[in-house]
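Engineer: Here is the input, now give the coordinates:
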Amino acid sequence: LLVLSLSVLNPRKAASEAPIIGMAILLLSFVPMSNVLFPVGTMIGERLLYIPSAGLLLTVVSLFFSWWRRGAFLLWIACSLGIWRCALRVPEWKNSTSITT
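Structural biologist: This next block holds a predicted model:
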């Protein structure tokens with residue numbers, strides 16, 4: 001967080017360091033609770049994934065802005081495919097019987 005707050009003073013350097021900082025936040029906050037190093041005793045749920053998701057979001061947003069010209073079309077395609085897949089799955093949520101079968 002100190003590096004992020006100091007990077008406000010130098011925006012060009014911040015743009016190149018943001019993906020690295022985002023991945024560091026993601027990995028350093030996810031590894032201790034992932035039951036890889038030692039058993040934690042709790043399941044990974046949404047309450048444990050708030051900080052890692054912030055690191056992932058920082059990484060994705062910073063990479064998107066650094067690749068804006070090349071990535072805009074790919075982002076449009078990815079969003080369109082996601083919307084199409086969601087529209088295909090909506091009828092499955094019609095009632096509780098269709099969800100469980």
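Engineer: pLDDT averaged over stretch 72-81 - what is it?
Structural biologist: Stretch 72-81 carries an average pLDDT of 81.
Engineer: Can I get it in PDB, CA atoms only?
Structural biologist: Output of stretch 72-81 as PDB, limited to C-alpha atoms (Å, rounded to 0.1, in the frame of the first residue of the first chain):
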ATOM      1  CA  ALA A  72     -10.500  -3.000 -26.600                       C
ATOM      2  CA  PHE A  73     -11.700  -5.300 -29.400                       C
ATOM      3  CA  LEU A  74     -10.700  -8.400 -27.400                       C
ATOM      4  CA  LEU A  75     -12.600  -7.000 -24.300                       C
ATOM      5  CA  TRP A  76     -15.600  -6.400 -26.500                       C
ATOM      6  CA  ILE A  77     -15.500 -10.000 -27.700                       C
ATOM      7  CA  ALA A  78     -15.000 -11.400 -24.200                       C
ATOM      8  CA  CYS A  79     -18.000  -9.400 -22.900                       C
ATOM      9  CA  SER A  80     -20.200 -10.400 -25.800                       C
ATOM     10  CA  LEU A  81     -19.400 -14.100 -25.200                       C
END
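Engineer: And for it, what's in contact with it?
Structural biologist: Outside of stretch 72-81, the residues that reach it under the criterion Cβ atoms under 8 Å, 6 or more residues apart in numbering are residue 64. C-beta here means a position set from N, CA and C on the backbone, and glycine is covered the same way.
Engineer: before we move on, what about stretch 54-62?
Structural biologist: With Cβ under 8 Å, 6+ apart, stretch 54-62 has contacts from 15, 18-19, 21-27, 29.
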